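Peer 1: how does the following fold in three dimensions:
(chains A and B)
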2 protein chains.
Amino acid sequence: MSALSDAERVAWLRLARTENVGPVTFEQLVGRYGSAAKALAALPELSRRGGRISPLSTPSEVDALRELEMGARLGARLIASCEPEFPARLAAVDPPPPLIWVRGHVSLLHKPCVGIVGARIASAGGQRFARGLAGQLGAAGQVVVSGMARGIDSAAHEGSLPTGTVAVLGGGVNDIYPPENAGLYDRLIAEGCIVSESPPGKKAQARDFPRRNRIISGLSLAIVVVEAELKSGSLITARLAAEQGREVFAVPGSPLDPRARGTNDLLRQGAALCESAEDVLRVLQQQRSIRERERPTYGAPASQAALDAAVEALRGEVEALLSPTPVSRDELVRATGAPAPAVFAALVELSLAGKAELLPGGMVTSA
Amino acid sequence: MSALSDAERVAWLRLARTENVGPVTFEQLVGRYGSAAKALAALPELSRRGGRISPLSTPSEVDALRELEMGARLGARLIASCEPEFPARLAAVDPPPPLIWVRGHVSLLHKPCVGIVGARIASAGGQRFARGLAGQLGAAGQVVVSGMARGIDSAAHEGSLPTGTVAVLGGGVNDIYPPENAGLYDRLIAEGCIVSESPPGKKAQARDFPRRNRIISGLSLAIVVVEAELKSGSLITARLAAEQGREVFAVPGSPLDPRARGTNDLLRQGAALCESAEDVLRVLQQQRSIRERERPTYGAPASQAALDAAVEALRGEVEALLSPTPVSRDELVRATGAPAPAVFAALVELSLAGKAELLPGGMVTSA
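Peer 2: Numbers count the residues shown, from 1 in each chain, chains lettered A, B, ... in the order given. As a prediction, the model looks like this:
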């Protein structure tokens, strides 16, 4: 695990920003070819083999250098998942985001973190509770992670600015939204930390938020949901946190308050109950440290010729097994009876061709 | 299992109202001697053997007849735990109250019942919720049981008067408390049912409420706690219900509301979450029927001479094993290595002498 060279950093950025390359495909490709540069070189052939006719859209070196330069002008840093400065808990997520942009106090990401998320249209009481909880968790040495949205998120950041707070944005690290949070954003830069998987300058779009939420939970040992209606984004963050093996807490509320529906439902499904920071700290103290997933080694390329032959024989069979219902990669390995590396390589080619979608957690659907 | 004769009913009443005779001792004595009349005859000798010098205070036949007459004047009925009309779920409690007074529609006690209890000083929202929950449970065929106290209890009765409601009182069946519930009491007599373990005419005292709460949970398949502060009586009812194997539900509330402390704490301890009648009905449908405890047979007296000899040899050893920390009767059987009937008989003698306290659930302390 060491810092990337400048050239490999550019290659990582180009590969990560390539059409049809999500974090799963990224990890598979760099694992298979030993470097992002070699994976980039193999891309046209792989996507063609997967069945794609037009070439994949990949940013040029100039595009990548422009993104690096824009980040540098903001004082932001690009950290790759293989680098020592990448937060260990986020690296343990399967798969981690290949690259994150970070602005402010990067060291906060290496401290124990708790996520606090919740309704944008929150009650005054809910915001007061979130602010107080964040302050108490901060006083106990926890960094508070949230999404800088209106309502609960903003209150959580405000309560933990003096002790340490991290905002994960859906847009770029300079995407200040909502506008009334401009003052909060300035304080987050000065005293806290901003994290984003998007390029600097990018405005957040709806599809960016699931990735944002995965980073909030991925950075955190535990997530606390304060006020959430049914089917809200906070419940998605809670689900992602549970999938990542993180502790999920929910703050109870009256059945007469619709903003408690989501949190009460989490409790019914087995989330831990949070009435105060005590509830969270007690569990964290007991929690056995999250077993860190082995970081990918990136550097032991498989025997190309043998793998290519195996994939060639397998690709059609794997494609036929896919449907809109997610299946696990392991199920595909069992169903084909083929070696796992060949199945994974076939899936990467199909995903590059837009015929398969590789989801976090090892699941696959037809695209 | 059949109705008692008039003479045996008087004997049951006298034995149940005898000093130092709680429900555990009552059950042991009637089981050992085969009838309450024979147990009454044996009492002076048993208490003397246990080490008591002055005779136990037992009501006279005239006292018992007076209680029966007073109940009859109120239109109330006295039902013994061995009689067919005694509610089966309450008979399954270990041990059941030997006798209950019932006023109003006794048939309600034989329908499926859910208890709703909670804070006396309840919020308007909490009372509204309790009223609505009681109405929904009633519409689904559940009889609602509560304690006719101010606040949540009263709201639960009001919501279920049209469909069936049972009030369990700490005082006698004619003890109207609080006074503002006089109107509710009249409607309970006309449309619902009143149950009490106390003699008619008795005013409730603080020590009557744990017995009252045991009957509320004992009659019910499930208990719902709506608003409760920490260390409140409703939490005692919840604990009794759990000990009796009944389902415990708690209504969540905001951490900012002190009246939600007790219910949130129940949730933290594993109570099921109740936001609506649906939550309760879903669990009741799944619930395997509570395994009914074998009703005591009352009629096969043990060989007196042999038992007396065994107890004589054992009493001192059993007394020495007791302390203010509760132990189970089974532990005492193991510790002495003596036959269980002899140990139980020794405990009854010690309890009559005021040297042991026999608690529900088979536990014993020094008195």
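Peer 1: got the residues of the stretch 201-350 of chain A near chain B?
Peer 2: Within the stretch 201-350 of chain A, the positions near chain B by Cβ under 8 Å from any Cβ of the partner chain are A:251-257, A:260-261, A:264, A:267-268, A:272-276, A:279. Every C-beta, even on glycine, is put in place using the N, C-alpha and C of the backbone.
Peer 1: please name the nearest non-neighbouring residue to the residue in chain A that chain B sits nearest to.
Peer 2: Across chain A, the shortest distance to chain B (Cβ to the nearest Cβ) belongs to residue A:252, at 3.3 Å. Leaving aside its sequence neighbours, residue A:252 sits nearest to residue B:252 (Cβ to Cβ, 6 or more residues apart in numbering or on different chains; 3.3 Å).
Peer 1: next one: residue A:214
Peer 2: Nearest non-adjacent residue to residue A:214, counting by Cβ to Cβ, 6+ apart: residue A:240, 5.1 Å away.
Peer 1: what is the burial count for the one you found?
Peer 2: 23 (other Cβ atoms under 10 Å in any protein chain shown).
Peer 1: I'd assumed residue A:99 was in contact with residue A:76.
Peer 2: No - with contacts counted by Cβ atoms under 8 Å, residue A:76 stays clear of residue A:99, the gap being 11.7 Å.
Peer 1: hey, which helix is longest across chain A?
Peer 2: Ranked by residue count, the top helix of chain A under DSSP state H comes out as helix A:304-321.
Peer 1: and the stretch 51-200 of chain A, which residues reach chain B?
Peer 2: Taking Cβ under 8 Å from any Cβ as the measure of proximity, the stretch 51-200 of chain A contacts chain B at A:125, A:128-129.
Peer 1: run through the residues that contact residue A:141.
Peer 2: Listed by Cβ atoms under 8 Å, 6 or more residues apart in numbering or on different chains, the contact set of residue A:141 reads A:111-112.
Peer 1: go on, residue A:97?
Peer 2: Contact partners of residue A:97, counting by Cβ under 8 Å, 6+ apart, are A:23, A:81, A:90, A:197, A:211, A:214-215, A:218.
Peer 1: quick one: which of the residues you listed is nearest residue A:15?
Peer 2: Closest approach between the contacts of residue A:97 and residue A:15, by Cβ to Cβ: residue A:23, at 11.0 Å.
Peer 1: so, low pLDDT: which residues of the stretch 251-367 of chain A?
Peer 2: Applying pLDDT under 70 to the stretch 251-367 of chain A picks out residues A:288-302.
Peer 1: mind listing the strands in it by residue range?
Peer 2: Shown for the stretch 251-367 of chain A, the strands assigned by DSSP state E, counting those that start in this stretch span residues A:272-273, A:327-328, A:356-359, A:363-366.
Peer 1: phi, psi for residue A:44 please.
Peer 2: Reported as degrees, to the nearest 10, the phi and psi values for residue A:44 are phi -60, psi -40.
Peer 1: for it, give its distance to residue A:305.
Peer 2: 19 Å (Cβ to Cβ, to the nearest Å).
Peer 1: so which of these two has more stuff around it?
Peer 2: residue A:44 (14 against 8).
Peer 1: just give me the neighbour total for the nearest residue to the more buried one once chain neighbours are set aside.
Peer 2: Leaving aside its sequence neighbours, residue A:44 sits nearest to residue A:55 (Cβ to Cβ, 6+ apart; 5.8 Å). By the measure other Cβ under 10 Å, the count of residues near residue A:55 is 11.
Peer 1: same deal with residue A:270?
Peer 2: When neighbours are defined as other Cβ under 10 Å, residue A:270 has 9 of them.
Peer 1: for residue A:242, same thing?
Peer 2: 17.
Peer 1: so after the helix or strand it falls within, what's the next helix or strand?
Peer 2: Per DSSP states H and E: residue A:242 is located in helix A:233-243. Using DSSP H and E, the helix or strand that follows helix A:233-243 in sequence is strand A:247-250.
Peer 1: pull up the pairing partners for that following strand, direction included.
Peer 2: Applying DSSP bridges to the sheet, strand A:247-250 is found paired with strand A:222-226 (parallel), strand A:272-273 (parallel).
Peer 1: residue A:228 versus residue A:150, what's the distance?
Peer 2: Residue A:150 is 14 Å from residue A:228, by Cβ to Cβ.
Peer 1: give me whichever of the strands of the stretch 251-367 of chain A is most buried.
Peer 2: Compared across the strands of the stretch 251-367 of chain A, strand A:356-359 shows the largest average neighbour count, a mean of 21 (mean count of other Cβ atoms under 10 Å in any protein chain shown).
Peer 1: which secondary structure elements does that strand sit against?
Peer 2: Applying 3 or more Cβ pairs under 8 Å, 6 or more residues apart in numbering or on different chains; DSSP states H and E, we find strand A:356-359 packed against helix A:23-33, helix A:340-352, strand A:363-366.
Peer 1: what lies in contact with the longest one?
Peer 2: It refers to helix A:340-352. For helix A:340-352, contacts defined as Cβ under 8 Å, 6+ apart pick out A:20-22, A:24-25, A:28-29, A:32, A:43, A:46-47, A:49-52, A:56, A:302, A:307, A:310-311, A:314-315, A:318-319, A:322, A:329-330, A:332-333, A:336, A:356-358, A:364, A:367.
Peer 1: list the buried ones in it?
Peer 2: Using 16 or more other Cβ atoms under 10 Å in any protein chain shown as the burial criterion, the residues of helix A:340-352 that qualify are A:341-352.
Peer 1: re the thing from before, torsion angles phi and psi at the residue of chain A closest to chain B?
Peer 2: Per-residue torsions, residue A:252: phi -70, psi 160 (degrees, to the nearest 10).
Peer 1: could you do residue A:145 as well?
Peer 2: The phi/psi pair for residue A:145 (degrees, to the nearest 10) reads phi -110, psi 130.
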